[in-house]
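Visitor: model this:
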Amino acid sequence: GNGRGVVSTASYEVREFGIHSGMPVSQAYRLCPTAVFLPVNFHLYWNVSDKIMQILRKYAIKFQQTSIDEAFLDTTGKAKDFDEARSIALLIKKEILEKEKLTCSIGIGPNKLVAKMASDINKPDGIAAVREDEVKDFLFPLPVGKLYGIGKKTEAILNEMGIETIGDLAKSDVQVLQDQFGKFGLMMHDFSNGIDEGDVVEEAGIQSIGREVTFEEDSNYVVLLTEMLDKIAEEVYSSLVDGAYSFRTVTLKLRYE
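Guide: This next block holds a predicted model:
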């Protein structure tokens with residue numbers, strides 16, 4: 001219950017106690033003293049992620065990994081309708097469970113935005129499909145903060161403007177949104193109407209790999225700092241080798257008291 005670590009991620013069980021990622025471990029302990037706290041193992045996570053992404057690629061015409069645990073698949077040509085897309089989703093879930101002993105959530109939609117938001121419906125182990133003629137009925141009743149790309153600050157501004165739901169945003173004056181948010185206002189308006197022209201594209205790998213350590217107590221002991229720097233550099237290097245990644249910039253972050 002002591003210490004200065006930060007919650008990396010939280011299981012669905014402890015989220016009911018108000019624990020979330022980014023929260024100090026000491027605060028998480030106070031919220032749920034019976035919770036089990038485990039150290040992170042990034043080397044394991046990246047290895048498993050790579051294996052799952054290899055599984056996903058087999059089912060896609062186009063594939064786009066967006067994070068360690070998320071990807072977009074374009075199944076056009078492999079699935080002629082939503083029913084066949086659902087069958088593919090079931091095969092994906094079955095193979096991941098058999099090979100990696102993990103569950104996953106899959107959203108099916110006419111574009112990336114809708115598929116992404118559909119994937120959040122039945123977590124942590126579900127499938128949700130939103131057909132083209134169902135998009136507005138699906139989106140409009142949701143709180144505006146649920147729209148992909150809108151954070152808490154933007155949500156607060158929208159609420160002050162009288163925009164509470166995604167439907168409110170969809171019906172808002174585009175010019176007002178553009179005056180307030182610039183190009184982002186136009187994008188929000190498109191997204192709120194279920195419009196997303198973004199294609200599934202293979203990106204040049206992940207954008208960055210990082211490691212952070214928070215000490216139990218402040219330290220200026222050079223030997224300790226050097227040993228820790230060596231350790232996290234080795235972890236980053238291992239991830240680069242495992243993923244066959246190249247890089248061009250190394251950044252060191254040091255936080256003082």
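
Visitor: end-to-end on stretch 209-222?
Guide: Stretch 209-222 stretches 25 Å from its first residue to its last (Cα to Cα, to the nearest Å).

Visitor: contacts for that stretch?
Guide: The contact list for stretch 209-222 (Cβ atoms under 8 Å, 6 or more residues apart in numbering) reads 2-6, 42, 225, 228, 232, 235-236, 239-240, 245, 247, 253, 257. C-betas here are computed from N, CA, C, even on glycine.

Visitor: Mind checking which of those land in helices?
Guide: Among the contacts of stretch 209-222, DSSP state H puts Phe42, Leu225, Met228, Ile232, Glu235, Val236, Ser239, Leu240 in helices.

Visitor: State the pair within those that is farthest apart.
Guide: The largest separation in those, counting by Cβ to Cβ, is between Leu225 and Leu240 at 22.4 Å.

Visitor: What about the ones in helices among the contacts of stretch 209-222, which one has the most neighbours?
Guide: Ser239 (20 neighbours; other Cβ atoms under 10 Å).

Visitor: Hmm, Asn47 and it touching each other?
Guide: No - assessed by Cβ atoms under 8 Å, Ser239 is found out of contact with Asn47, at 9.0 Å.

Visitor: ranges for the strands of the stretch 51-200 of the chain?
Guide: Per DSSP state E, counting those that start in this stretch, the stretch 51-200 of the chain carries strands over the ranges 62-67, 70-74, 106-108, 127-129.

Visitor: mean confidence score for the longest one?
Guide: Strand 62-67 shows a mean pLDDT of 92 in the predicted model.

Visitor: Would you mind checking which helix or strand in the protein has the lowest mean pLDDT?
Guide: helix 222-243 (a mean of 88; mean pLDDT, DSSP states H and E).
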